[in-house]
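> Next come a sequence and a model predicted from it.
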Amino acid sequence: MSRFSDKSNSSVPVNALLPYHAAANSITTTLYEARGDALASTPQFTELVRCQALLLDSILLERPHEKSKKSKERGALVRTWRSSRKLGPLLQNVLQSLLKTKDVQAVRSMALLGNVIGVAMRMKVKSNAQGIGAAIVEDNKDAILAFYVENILSSKIAVPSHSIVSHLSFKADARPLLTTSSPASYP
Amino acid sequence: MSDRLSTLKVAPPLDKTPALVGALLAVLPRITDRQTREPVLDVLAALVKRDEGLAEKQDLGNKLVKWLTSEVDKITAPSKS
């Protein structure tokens, strides 16, 4: 049975999620600093990416009754960007781990995926560091396009509004790159 | 609490580390203030880094991931209503 459902627990206040989100990002960067690229091949890495995706998705869920939610959302996004930048070349593995998700789990990975792509597109390219920056998106463009087509455009379940925003952000960030090299394949 | 943690100058002995980590993890989810939370995360990160460099690891990093996974599955589980 899947651990995920299309009905997320939006009754959990953002304040209760933020400590876990901060911990997930902190643990990921700490383990990366300690273990280096070897972290990507451990089962802990997959679990950390899954936790980050679930927490960011839950934080961005609609909560009409929560005031001052926007600043907390912004804080969580800033932490996600900083943490993603620290991962450097490992962003490729984060991206690939997210692209392997299916069905509801894929929809809940969308928020993190959009942000990881955004960070990758803005990451400075170093001539001696292969796979940094836009090259990460370029290397995975077919899988990214297939993922968005399958899980957003052709989704059989209701896609939450914040996932749509992530999709639009993805289009703004990655479309120029993707359309330059494969104009016919972008929906 | 943040003042006390940020002025922690002496590394805790190895045999006390699991208890310290357990105490920090017990209190972490209740800290809603970011400025208070950061020193707790910094101490946890420092303990994990020290452990990763030891010959006889206490596996703190993997234990933290296990704790996080279990908590996240609980808190983000589908609502029953």
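Cool, got the structure. It should be emphasised that the depicted structure is a prediction, and the values quoted were computed from it without experimental measurement. Residues are numbered from 1 along each chain as shown, chains lettered A, B, ... in the order given.

> how about the residues of chain B near chain A?
The interface of chain B toward chain A, taken as Cβ under 8 Å from any Cβ of the partner chain, is made up of B:28-32, B:34, B:37-38, B:41, B:44-45, B:48-49, B:52-53, B:61-62, B:64-65, B:68-69, B:71-73, B:75-79, B:81. All C-beta spots, glycine's among them, are computed from the backbone N, C-alpha and C.

> Just the buried ones from the residues you listed?
Buried subset of the residues of chain B next to chain A (neighbour count, 16 or more other Cβ atoms under 10 Å in any protein chain shown): B:28-29, B:31, B:37-38, B:41, B:44-45, B:48, B:52, B:61-62, B:64-65, B:68-69, B:71-72, B:75-77.

> Now the residue most central in space within chain A: closest residue in space that isn't a chain neighbour?
The centre of chain A sits closest to residue A:112, judged by Cα atoms, centre = their mean, with a distance of 1.9 Å. By the measure of Cβ to Cβ, 6 or more residues apart in numbering or on different chains, the closest residue to residue A:112 outside its immediate chain neighbours is residue A:53, 4.2 Å from it.

> Name the SS class of that neighbour, please.
When classified by DSSP: H, G, I helix; E, B strand; the rest coil, residue A:53 comes out as helix.

> now it: how far from residue A:38?
Distance of residue A:53 to residue A:38, given as Cβ to Cβ, to the nearest Å: 22 Å.

> now swap in residue A:61 and tell me
According to Cβ to Cβ, residue A:61 stands 34 Å off from residue A:38.

> Neighbour count for those two, which is higher?
Regarding residue A:61 and residue A:38, a neighbour count based on other Cβ atoms under 10 Å in any protein chain shown identifies residue A:61 as having more, with 22 against 11.

> Which element, helix or strand, includes the nearest residue to residue B:41 once chain neighbours are set aside?
Nearest in space to residue B:41, with sequence neighbours left out and distances taken as Cβ to Cβ, 6+ apart, is residue A:26 at 4.4 Å. Mapping residue A:26 onto the secondary structure by DSSP states H and E places it in helix A:14-35.

> In chain B, what helix or strand scores lowest on average pLDDT?
Every helix and strand in chain B was compared by mean pLDDT, DSSP states H and E; the lowest is helix B:2-6, with a mean of 50.

> what residues does chain A put near chain B?
By the criterion of Cβ under 8 Å from any Cβ, the positions of chain A lying close to chain B are A:3-5, A:7-12, A:15-20, A:22-24, A:26-27, A:29-31, A:33-35, A:44, A:47-48, A:50-51, A:54-55, A:57-58, A:75.

> Now, of those residues, which are buried?
Of the members of these, the ones counted as buried by neighbours, 16+ other Cβ under 10 Å, are A:4-5, A:8-9, A:12, A:17-20, A:22-24, A:26-27, A:29-31, A:34-35, A:44, A:47-48, A:50-51, A:54-55, A:57-58, A:75.

> Tell me where chain A has helices.
Counting by DSSP state H, chain A has these helices, from start to end: A:14-35, A:43-60, A:69-87, A:91-99, A:103-122, A:134-139, A:141-148, A:161-181.

> looking at it, residue B:68 is touching residue A:26, isn't it?
No - the pair formed by residue B:68 and residue A:26 falls short of the contact definition of Cβ atoms under 8 Å, at 10.0 Å.

> Pull the contacting residues for residue A:76.
With contact set as Cβ atoms under 8 Å, 6 or more residues apart in numbering or on different chains, residue A:76 has these partners: A:14, A:18, A:21, A:56, A:59-60.

> Pick the one among those closest to chain B.
Among these, residue A:18 lies closest to chain B (Cβ to the nearest Cβ), at 7.1 Å.

> which residue packs closest to residue A:80, ignoring adjacent ones?
Closest residue to residue A:80 apart from its sequence neighbours, by Cβ to Cβ, 6+ apart: residue A:115 at 5.3 Å.
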